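Asks: Using only what follows, build the 3D model:
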Amino acid sequence: MKLTLHAKNLDLTPSIKAFVEEKIGSISKFLRPAENDLAEARVEVAKPSKHHRSGFVYYAEVNLKIGSRLFRAVAEHLDLHTAIDLARDEIERQIKEYKERSREARRTEKNI
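Replies: Residues are numbered from 1 along each chain as shown. Next comes the predicted model:
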């Protein structure tokens with residue numbers, strides 16, 4: 001899986017890079033080898049503004065493209081690591097749902 005990471009209104013430290021690579025890279029275990037070769041993840045971590053002091057301070061956006069299929073998740077939280085975790089969980093849920101729909105479609109075709 002190819003991973004591209006961007007930061008907005010935030011310094012991209014090596015620890016943040018490592019955390020994103022670990023969390024988003026672990027999505028590859030849900031993909032078949034052929035899908036993993038095609039997968040391209042674009043991650044943006046940011047603060048909505050430089051002067052934001054209350055409410056959800058950080059957000060993480062993940063766009064995962066596998067062939068022509070696009071999975072997208074956005075999460076906001078007071079903690080950057082939690083926002084990344086929430087976005088990863090949403091992408092994981094979408095992949096599982098897509099795989100289940102595909103599996104059901106194949107079962108239906110076999111029964112016809």
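Asks: Ends of stretch 66-86, what's the gap?
Replies: Taking Cα to Cα, to the nearest Å, stretch 66-86 runs 20 Å from one end to the other.
Asks: Could you list the buried residues of that stretch?
Replies: By neighbour count, with 16 or more other Cβ atoms under 10 Å as the criterion, the buried positions of stretch 66-86 are 66, 71, 73, 75-77, 80-81, 83-86. In short, each C-beta sits where N, CA and C put it, glycine included.
Asks: any chance you could map the helices in the protein?
Replies: 14-25, 33-38, 80-111 (DSSP state H).
Asks: Let me see the contact set for residue 43.
Replies: By Cβ atoms under 8 Å, 6 or more residues apart in numbering, the contact set of residue 43 is 3-6, 20, 24, 60-63, 84, 87.
Asks: Revised request: answer the last question for residue 30.
Replies: Neighbouring residues of residue 30 by Cβ under 8 Å, 6+ apart: 92, 95-96, 99.
Asks: What's the separation between it and residue 71?
Replies: Residue 30 sits at a distance of 11 Å from residue 71 (criterion: Cβ to Cβ, to the nearest Å).
Asks: shared neighbours of the two, anything?
Replies: residue 95.
Asks: how many neighbours does the residue nearest to residue 21 when sequence neighbours are not counted have?
Replies: Excluding the flanking residues, the one nearest residue 21 by Cβ to Cβ, 6 or more residues apart in numbering is residue 3, at 6.2 Å. A count of nearby residues for residue 3, using other Cβ atoms under 10 Å, gives 18.
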